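K.L.:
turn this into a structure:
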Amino acid sequence: MRKTPFLAVVLGVIGASSALAQTAVSPPPAAVITTSPDAKTTAPVAGANSFTESEARSRLEANGYTNVTGLEKDDKSIWRGKATKNGTSFHVALDYQGTIVAE
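P.N.:
Got it, this is the predicted structure:
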């Protein structure tokens with residue numbers, strides 16, 4: 001009879017510790033595509049963009065871009081602007097899929 005309460009306590013501790021070990025999973029960062037002027041790419045993709053300017057800026061910053069300026073949504077709903085990453089300035093674009101293209 002002593003084994004049953006002990007086993008229950010051990011299983012309870014194991015279950016509680018595994019529940020505490022779980023952490024919230026954040027969404028993966030956007031795909032970042034760096035292109036050269038002669039590179040052929042299908043991104044950024046035109047489409048209905050649900051990102052606000054603030055969300056677009058945050059997404060760029062979360063992917064290592066700083067000094068994000070001039071963000072404007074073009075006629076294809078692609079956010080475009082300028083930003084710096086690792087000391088280099090880029091023209092950046094963010095499409096509705098969250099894909100970042102830096103040129």
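K.L.:
so where's this protein uncertain?
P.N.:
Of all residues in the chain, those with pLDDT under 70 make up the ranges 1-41.
K.L.:
now the helices: where do they sit in it?
P.N.:
In order along the chain, the chain carries the following helices (DSSP state H): 3-21, 53-62.
K.L.:
check the gap between residue 97 and residue 66 for me.
P.N.:
For residue 97, the distance to residue 66 equals 23 Å [Cβ to Cβ, to the nearest Å]. C-beta here means a position set from N, CA and C on the backbone, and glycine is covered the same way.
K.L.:
I should have written residue 55 there, sorry.
P.N.:
Using Cβ to Cβ, one gets 17 Å for the distance from residue 55 to residue 66.
K.L.:
between the two, which one's more packed in?
P.N.:
More neighbours surround residue 55 than the other of residue 55 and residue 66, with 14 against 11 (other Cβ atoms under 10 Å).
K.L.:
list the contacts for that one?
P.N.:
Applying Cβ atoms under 8 Å, 6 or more residues apart in numbering, one finds that residue 55 lies in contact with no residue.
K.L.:
and it, how far from residue 91?
P.N.:
Residue 55 sits 19 Å away from residue 91, going by Cβ to Cβ.
K.L.:
and residue 102, by the same measure?
P.N.:
Relative to residue 91, residue 102 is positioned 7 Å away (criterion: Cβ to Cβ).
K.L.:
please apply the same query to residue 74.
P.N.:
The gap separating residue 74 from residue 91 is 12 Å, by Cβ to Cβ.
K.L.:
need the residues touching each of the two.
P.N.:
residue 80.
K.L.:
residue 65: how many residues sit nearby?
P.N.:
Counted with other Cβ under 10 Å, the burial measure for residue 65 works out to 22 neighbours.
K.L.:
again, but for the one 3 residues further on
P.N.:
Residue neighbour count, defined by other Cβ under 10 Å, stands at 19 for residue 68.
K.L.:
ok, now the one 5 residues further on?
P.N.:
Here the number of neighbours of residue 73 (other Cβ under 10 Å) works out to 16.
K.L.:
if anything else comes up later, I'll come back, but that's it for now.
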